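One predicted model, sequence on top.
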Amino acid sequence: MLNRKRIYIIIGEKLKKLRRILILQPSEMGELLGVSEDSYIKYEEGYPIPPNILRRAIDWYGLELKEILPTINECSVMWVFNNGEAIHGKVRYRKTKDGVYRSVDSAQEYLRSYAP
């Protein structure tokens, strides 16, 4: 399942990363795109970015749309359950003692490969 908010957050993160690589301030990037600094900062924070502004940013950076849009895996939701398990796509995860989610399915496959 795609999460629309997550899509905008990922686009914003990518815009911020590109801006920082070029050592630009949000005010400079906003000016280049024809928006205020506050508006540009909101886009980087995950607010919906108008298509015409996104197109200007992509063109300015010399990118293609597919390079800035998130993949399905980047914007899909991980469902977490009370029993410490989670599901992301078709993979199940279990929370370990150190608080990290590890793939249960791949661990089970690994153990099955060593079963007599």
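Arrived safely, thanks for sending.

Enumerate every residue touching residue 41.
Listed by C-beta atoms under 8 Å, 6 or more residues apart in numbering, the contact partners of residue 41 are 26, 30. For the C-beta atoms, the positions are set from N, CA and C on the backbone; glycine is no exception.

Next, the buried residues of the helix or strand hosting it.
In this structure, residue 41 sits in helix 37-45 according to DSSP states H and E. For helix 37-45, a neighbour-count test (16 or more other C-beta atoms under 10 Å) marks 39-44 as buried.

So which of these is the closest to residue 21?
residue 44 (13.5 Å; C-beta to C-beta).

and that closest one, what pLDDT?
Looking at residue 44, its pLDDT stands at 92.

I'd like the distance between it and residue 68.
The gap separating residue 44 from residue 68 is 12 Å, by C-beta to C-beta, to the nearest Å.

got any residues that touch both of these two?
residue 15.

Walk me through the domains of this structure.
As assigned by automatic domain parsing, the chain contains the domains 4-72, 78-113.

tell me, which of those domains is the model least confident about?
Minimum mean pLDDT among these: domain 78-113, a mean of 59.

Just the terminal-to-terminal distance for stretch 46-54.
With C-alpha to C-alpha, to the nearest Å as the measure, stretch 46-54 spans 13 Å from end to end.

Cheers, nothing more for now.
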